[in-house]
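Engineer: Provided below for reference: sequence and predicted model.
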Amino acid sequence: MEKLDSKEVKKRVQAYKDEMLTRLDKLVAINSVMGEAKENAPFGEKPLEALNVALDMLKEDGFETANVDNYAGYAQMGQGDEVIGVIGHLDVVPAKKSDGWDTDPFTMVEKDGTLYGRGVSDDKGAVVASMIAMKVIKDMGIPVNKRVRLIMGTNEENGSKCLEHYVEKEGHVDYGFTPDGDFPAIYGEKGILQGGYVSKKTNIIDIEGGTVANAVPGKVTVKVSAGSYSSEKLDKFFKENKIPYTVENNGDVDTIEVTGVAAHASTPTLGVNAISYLLVGLKNADFSDAFVDFYCTHFGLETNGAMMGADLKDEYGDLTLNCGVISMKDGVIEGTVDIRFPVTLSTKEVLDHMKDHMEDENGKVSFDTQVEPLFFAPDSALVSSLYEAYVDVTGDKENKPMVIGGGTYAKEINNTIAFGCAFPGYDYRIHNTNEWVKIDELLLQAEIYVHGIIKLLSI
């Protein structure tokens, strides 16, 4: 295959800037958080709406499109038996302005060259950049000796059942990337254990906090009996740890609200867990409670699994643990636990380390989702080809391919790694308030994806 003209690619991508922004604006405006399953809408009406809008865009571009039973869809170009996949998602995690957004999260806002809105980074922005990459390849008349598919799912944030269904119907890809991670490339993803805990007894009246299991909770509210804890000690604990909180008294009941900092569950140290600080704060304030004792001896403020006997690490990274959502029903407290563990370990090995810490007289922990790690050799054709594409466009040789704690579509489909969309050194506030991306970076993404697709065609 002829050497790609980088200047021509850049010129053509830049010419699509306005169209890129128009497309992203339309997609961000759809609140595609997972909803109630309905007939012909397995993940709710809004994720399906986002899928149909995206497919319409690509059909108008002249690509062959297909809707795979409203779970996922794709646009395709090229010929041949082999398939190159670019696999993104159109669903998003929950967001509302009252969470602390400066703007309506489902109205894309541009300020000084930066876009704000839910999904501008994760992952609608990357999907639109991938659309532009497909258009540029088509416009340039580059020979496509394999089928290139832009595959778009609608359930990545809640289990990736969309891609599972796609694979059942359409099969795997020969090589691919998902623009839902980090540049310059990701050759390993930690294993995942997800489950929860349940209380056996508690004096707490009510408690609610967090939004999704795979995010550090930014807010929690608890109701306890007035006078059941030391107000002075609670205030001292929160002030020492710089944790915003409020207490509202209503007769015999105090309502305490704690504000933390949201972050992705794979990087819990970047956030401040409101649930953990609330419960540890109550413990420090002499609140006598079996469930609080359970939480503080199994999780506490730690994010490395040490209290569960799972402070594990390898040369590629450490184990992380996040308690994301908590609620109460009929006097029983339930919460979620999300663990990301090193790529050289198995789910069985991690569970063996925790087996003596799963239950006591005050509560119980269990894990119903177990996902093994993903790992490719850093010098494999897949990893090295995509890394070369990144370097060709950016000139950045300092940052190297890596292992991450986040789980992507790469675990659900063969011969695929995460490649983009996040550039090194930035926190795009993914799964957080005021999610953002620079317009110039979206254009740069599209350039890199053009080069990446062409490299995979040459393997």
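Structural biologist: Right, received. Where do you want to start? Residues are numbered from 1 along each chain as shown.
Engineer: tell me the helices and strands packed up against the worst-scoring helix or strand of the chain on mean pLDDT.
Structural biologist: Using mean pLDDT, DSSP states H and E, the weakest-scoring helix or strand in the chain turns out to be strand 263-264, at a mean of 88. Applying 3 or more Cβ pairs under 8 Å, 6 or more residues apart in numbering; DSSP states H and E, one finds that strand 263-264 contacts strand 215-216. C-beta: built from backbone N, CA, C; applies to glycine.
Engineer: pairing partners for the strand it packs on, with directions?
Structural biologist: According to DSSP bridges, strand 215-216 has the following sheet partners: strand 263-264 (antiparallel).
Engineer: how far off centre is whichever helix or strand comes after the partner strand?
Structural biologist: Next helix or strand after strand 263-264 toward the C-terminus (DSSP states H and E): helix 274-284. Mean-position distance between helix 274-284 and its chain equals 26 Å (Cα atoms, centre = their mean, to the nearest Å).
Engineer: how about stretch 360-371?
Structural biologist: The answer for stretch 360-371 is 23 Å, by Cα atoms, centre = their mean.
Engineer: list the buried residues in it.
Structural biologist: Across stretch 360-371, burial judged by 16 or more other Cβ atoms under 10 Å covers 362-363, 365, 367, 370-371.
Engineer: may I see those arranged in CSV, with pLDDT and secondary structure as well?
Structural biologist: Converted to CSV, the buried residues of stretch 360-371 look like this (pLDDT from 0 to 100; DSSP: H, G, I helix; E, B strand; the rest coil):
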residue, pLDDT, secondary structure
N362, 98, coil
G363, 98, strand
V365, 98, strand
F367, 98, strand
Q370, 94, strand
V371, 91, strand
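Engineer: what's the most distant pair in those?
Structural biologist: Maximum pairwise distance in those, criterion Cβ to Cβ, is 28.5 Å, between N362 and V371.
Engineer: K242 in helix, strand or coil?
Structural biologist: coil (DSSP: H, G, I helix; E, B strand; the rest coil).
Engineer: got the end-to-end distance for stretch 146-164?
Structural biologist: 23 Å (Cα to Cα, to the nearest Å).
Engineer: top helix in the protein by residue count?
Structural biologist: The longest helix of the chain (DSSP state H) is helix 439-457.
Engineer: who are the packing partners of that helix?
Structural biologist: Contacts defined by 3+ Cβ pairs under 8 Å, 6+ apart place helix 439-457 against helix 6-15, helix 17-28, strand 83-89, strand 114-116, helix 124-139, strand 175-178, helix 381-394.
Engineer: chain center to the longest one, what's the gap?
Structural biologist: Computed by Cα atoms, centre = their mean, the separation of helix 124-139 from the middle of its chain amounts to 21 Å.
Engineer: and the last one, by the same measure?
Structural biologist: In terms of Cα atoms, centre = their mean, the gap separating the centre of helix 381-394 from the centre of its chain is 23 Å.
Engineer: tell me what angle that helix forms with helix 6-15.
Structural biologist: For helix 381-394 against helix 6-15, the angle by axes from the mean of the first three to the mean of the last three Cα atoms, to 10 degrees is 80 degrees.
Engineer: in the longest helix of the chain, what counts as buried?
Structural biologist: 439, 441-457.
Engineer: stretch 405-423 now?
Structural biologist: Those buried within stretch 405-423 under the rule 16+ other Cβ under 10 Å are 405-413, 415-423.
Engineer: also stretch 158-167?
Structural biologist: 158, 160-167.
Engineer: cool, stretch 269-277 as well?
Structural biologist: Result for stretch 269-277 [16+ other Cβ under 10 Å]: buried residues 271-277.
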